[in-house]
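Q: A predicted structure for the sequence below; I have some questions about it.
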Amino acid sequence: MPWIVLVLAGLFEIGWAIGLKYTDGFTKLWPTVGTLVSMVISLGLLGIAMKSLPVGTAYAVWVGVGAVGTAILGIVLLGEPSNAGRLVSLGLIIAGIVGLKLASP
């Protein structure tokens, strides 16, 4: 169960990272509200997951899920480049997340 909570925390991290782009420097009310709500939920879920998981593993997976998801949505939603180097690098982050899961108690 802590792994599910951790992945959910990572998904909310994606939400606030992408949301930051849409706040336009925190000048747009509803994107700002959504971004702040996502931040609170993400950190709250991370804290819950850390009750059972090692801090280094939990934090690394949280950041990894957020980084990969944010980069993918940047490509899809914001037209960011999707060259081979970026995609291979995202694959390496995913491999690291899987490795941490397999190596964790």
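A: Yes, it's here.
Q: next, the residue nearest the centre of the chain: phi, psi?
A: Nearest residue to the geometric centre of the chain (Cα atoms, centre = their mean): Gly66, 1.5 Å. Torsion angles at Gly66 (phi, psi; degrees, to the nearest 10) stand at phi -60, psi -40.
Q: which parts of the protein are helices?
A: 2-23, 29-49, 55-78, 84-103 (DSSP state H).
Q: can you put those in CSV and add mean pLDDT?
A: Shown next, in CSV, are those (pLDDT from 0 to 100):
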stretch, mean pLDDT
helix 2-23, 96
helix 29-49, 98
helix 55-78, 96
helix 84-103, 96
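Q: out of those, deepest packed?
A: helix 2-23 (a mean of 19; mean count of other Cβ atoms under 10 Å). Every residue, glycine included, has its C-beta placed from N, CA and C.
Q: now do that one: everything it contacts.
A: 28, 31-32, 34-36, 38-39, 41-46, 48-49, 51-53, 58, 61-66, 69-70, 73-74, 77-78, 101 (Cβ atoms under 8 Å, 6 or more residues apart in numbering).
Q: likewise stretch 94-105?
A: Trp3, Leu53, Pro54, Thr57, Ala60, Val61, Gly64, Val65, Val68.
Q: count of neighbours near the second one?
A: Pointing back at Leu53 there. Look at Leu53: counted by other Cβ atoms under 10 Å, it has 22 neighbours.
Q: could you find the closest non-adjacent residue to Pro54?
A: Ser104 (6.7 Å; Cβ to Cβ, 6 or more residues apart in numbering).
Q: need phi/psi at that neighbour.
A: phi -100, psi 150.
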